[in-house]
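Participant: sequence first, predicted coordinates after that:
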Amino acid sequence: MKEYIMEKRFDNDILNGLVSVLIVMIVASIGWIVWSQGFNLLFKIIAGDSLKTIDSSLQDLFLLNAVEGSFFWLVISSWVWFSLDLGNYGKYAKTSKQPQAGFRYFLLSLAAGFVGFIIFVGLHGIWWEPFKWKVLFTPQTNVEAALAIKGWGAINFFALSVIMAQIPIVSLFQRYPFSKYSKSDWSIGFGTLGLSFFIALLNWNTFILPSFIQLQTNVQVAGQEILVLATQQPFGSWSTALAWAQIFIFFFLLPAEGGELYPQKIFTDKQPYSGMVGLLIALIGAFTLLPLLRSILAPLATSVNLDNDLVVASFVLTIINVLLTWHHLFYDYPSSDKARLGKRLSMRLITVLVVGSILGIVWIKYHHLIPFGSNDLGLKHPMLGLMGGQFVYMMPMLIMNTFFDKWPNAQSKLKNQ
């Protein structure tokens, strides 16, 4: 098999990054129109005449959640499994030439996401009414439609659990223990995937599921049967839970996304202790920073008439997007040959925080104008809005680097040519 290497279009890393961001924004804008229109039509066809029996407001919300689910499962979760847990295992099995290798791997990831969705929903739908195929795809009444919306919400945000539980195994623990006790890419990848998926399931059951579905049960008290609430809303509200989760994610991504394993490396670089330190830093950071950001961003939340914690969540998610973009598209500028460790880490962090904060405010104020935000351009397809819209940008950006090796802003060249 011929071996190819990737060559930058431009020598300047900043210019390369800016061009790549422009490409990603175009792909996100056009790609979401195609994706949303296509899956919106598909779900309408599957639902058939049953949609006519439910209120129009419930119809729109049902279709929005269903389309969101298609994107979260087929693109977000599967990317984490393939690129991070498996370490892009098998990407070059047929060819290392781009874009052929990237398209093949992307299609495989879509298929894996679909299979994962079928198994996950199929098993949960045996006993859980909101996860039954009939309810999720063909609701017959307003009650079933409302139940389907709850079900889709809980299922969709398994992607958040994947991010929260499966990525730290890679970013903080460097795929320990499998990376320590095995030399095989296959066993390291699938071992990491299996362990982290189990943790994601636990997290989903304890954190995500009760955020969407509160359980009640009958208890006998003094000969009388009383209905009591069996679960509590984590953090008191979904917007608060989202805000906390985004801050937690930022801190556990930082060591791997341009942080060169700092700040946890200050204490130790030996696993699993290094990962534990990083996890502790992320937890402390999330609980400490949430009330501070809530206070700082309160005037902005009031000005745009949005929930305060939802604004915090969106603001931090934008900073995460800048962090990921700087790492994946700007080559972690400045590189080690341009600046010493302390200087380059400081420059990266300052860049991410300053640019991320500015864009975070801009996004909150103007996401309704952006085609991958909340602007459907009059085409009436579902939009993912303030939070989900940022993932519509994020995923093409990540896939461009990890699946396509920065193609089309880098090109395949025969090695030793």
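Facilitator: That came through, no problem. Residues are numbered from 1 along each chain as shown.

Participant: CA only for contacts and neighbour counts going forward, please
Facilitator: Noted.

Participant: what's the pLDDT at Leu22?
Facilitator: Listed pLDDT for Leu22 reads 97.

Participant: can you start the count at 37 instead of 1 from here on
Facilitator: Okay, residue one is now 37; in that scheme the one you just asked about reads as Leu58.

Participant: for it, identify the helix or strand it belongs to.
Facilitator: Using DSSP states H and E, Leu58 sits in helix 49-83.

Participant: any idea how far the helix or strand just after that helix is from the chain center?
Facilitator: Following helix 49-83 in sequence order, the next helix or strand is helix 92-107 (DSSP H and E). Put simply, helix 92-107 sits 19 Å off its chain's centre (C-alpha atoms, centre = their mean, to the nearest Å).

Participant: cool, stretch 409-428 as well?
Facilitator: 16 Å.

Participant: what is the end-to-end distance of it?
Facilitator: Start and end residues of stretch 409-428 are separated by 8 Å (C-alpha to C-alpha, to the nearest Å).

Participant: and it, what's buried?
Facilitator: Neighbour-count burial for stretch 409-428 flags 409-412, 417-428 (criterion: 16 or more other C-alpha atoms under 10 Å).

Participant: need the residues that contact that stretch.
Facilitator: By C-alpha atoms under 8 Å, 6 or more residues apart in numbering, the list of residues contacting stretch 409-428 from outside reads 64, 68-69, 72-73, 76, 96, 99-100, 103-104, 349-350, 353-354, 357, 399-400, 403-405, 407-408.

Participant: rerun that using 7 Å as the cut-off
Facilitator: With C-alpha atoms under 7 Å, 6 or more residues apart in numbering as the test, stretch 409-428 has contacts from 64, 72-73, 76, 100, 104, 350, 400, 403-405, 407-408.

Participant: which of these ranks first by neighbour count?
Facilitator: Using other C-alpha atoms under 10 Å as the neighbour test, the contacts of stretch 409-428 are led by Phe408, with 28 neighbours.

Participant: skipping adjacent residues, who's closest to that one in space?
Facilitator: Counting by C-alpha to C-alpha, 6 or more residues apart in numbering, Phe408 lies nearest to Ser65, which is 5.0 Å off, once chain neighbours are set aside.

Participant: next: Asn239.
Facilitator: Distance criterion C-alpha to C-alpha, 6+ apart; nearest residue to Asn239, sequence neighbours excluded, is Ser197 at 6.1 Å.

Participant: quick one: name whatever helix or strand follows the regular element (helix or strand) spanning that neighbour.
Facilitator: Element membership for Ser197, per DSSP H and E: helix 194-207. Next helix or strand after helix 194-207 toward the C-terminus (DSSP H and E): helix 214-217.

Participant: which parts of that following helix are buried?
Facilitator: Buried residues in helix 214-217, counting neighbours by 16+ other C-alpha under 10 Å, are found at Phe214, Ser215.

Participant: contacts for that helix?
Facilitator: By C-alpha under 7 Å, 6+ apart, helix 214-217 touches Ile224, Gly227, Thr228.

Participant: just give me the closest of those residues to Leu120.
Facilitator: Proximity of these to Leu120 (C-alpha to C-alpha) peaks at Thr228, which lies at 9.2 Å.

Participant: wait, what's in contact with the closest one?
Facilitator: Each residue near Thr228 by C-alpha under 7 Å, 6+ apart is listed here: Asp121, Arg211, Phe214.

Participant: now the strands for the stretch 137-286 of the chain?
Facilitator: Secondary structure of the stretch 137-286 of the chain (DSSP state E, counting those that start in this stretch): strands at 252-257, 260-265.

Participant: give the partner strands of the last one in its sheet and their orientations.
Facilitator: In the sheet containing strand 260-265, its partner strands are strand 252-257 (antiparallel), by DSSP bridges.

Participant: so where's the chain uncertain?
Facilitator: Along the chain, segments meeting pLDDT under 70 span 453.

Participant: what residue is smack in the middle of it?
Facilitator: Ile112 (5.3 Å; C-alpha atoms, centre = their mean).

Participant: in a markdown table: the strands of the stretch 137-286 of the chain, plus distance to Ala281.
Facilitator: Below are the strands of the stretch 137-286 of the chain laid out as a markdown table (distance: least, C-alpha to C-alpha, whole Å):
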| stretch | distance to Ala281 |
| --- | --- |
| strand 252-257 | 26 |
| strand 260-265 | 25 |
